[in-house]
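> structure for the following, please:
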Amino acid sequence: MDFHERLRACREKRGLKQNEAAAKVGIKNNTLSSYENGTRQPDYEILSKLSELYDISLDYLINGSSKKDDDKNLFFFDMEGLSDEEIEDIKNHIEYVKWKAKKERGN
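Predicted structure coming up:
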């Protein structure tokens, strides 16, 4: 799914008409329409407002992935009962170990 398709799907999932969503982020309906048709790209400020309106991450909106997708790589951990902060600590530690291994190998 491309960005413009994802943008439309997010709006529809929220049950918003195009003119309602456009008004909420402070743009004209035809501007949002051009974003959803793929003929125009929003700037960072509008992207941020859209992600907030649709309650999705910028990463998901732009790339179709999200922080939650990253958790799939932690499938071998029993994460039951861990807070989001504790899970983030685990991910940070893994990144540190990878960095350290790369440094020791001279890469």
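
> and the gap between the closest residue to residue 3 other than its chain neighbours and residue 79?
Nearest residue to residue 3, sequence neighbours excluded (CB to CB, 6 or more residues apart in numbering): residue 62, at 6.3 Å. For glycine as for every other residue, the C-beta is placed from the backbone atoms N, C-alpha and C. Computed as CB to CB, to the nearest Å, the residue 62 to residue 79 distance reads 26 Å.

> number of residues surrounding the residue nearest to residue 3?
13 (other CB atoms under 10 Å).

> in which helix or strand does it reside?
Per DSSP states H and E: residue 62 is located in helix 58-63.

> for that helix, buried residues please.
The neighbour-count check on helix 58-63 (16 or more other CB atoms under 10 Å) flags 60-61 as buried.

> report all helices and strands that that helix contacts.
In terms of contacts (3 or more CB pairs under 8 Å, 6 or more residues apart in numbering; DSSP states H and E), helix 58-63 is packed against helix 3-13, helix 44-54.

> rerun that using 10 Å as the cut-off
Counting contacts by 3 or more CB pairs under 10 Å, 6 or more residues apart in numbering; DSSP states H and E, helix 58-63 is packed against helix 3-13, helix 44-54, helix 67-70.

> neighbours around residue 79, how many?
By other CB under 10 Å, neighbour count at residue 79 equals 13.

> count of residues packed around residue 92?
Neighbours of residue 92 using other CB under 10 Å come to 10.
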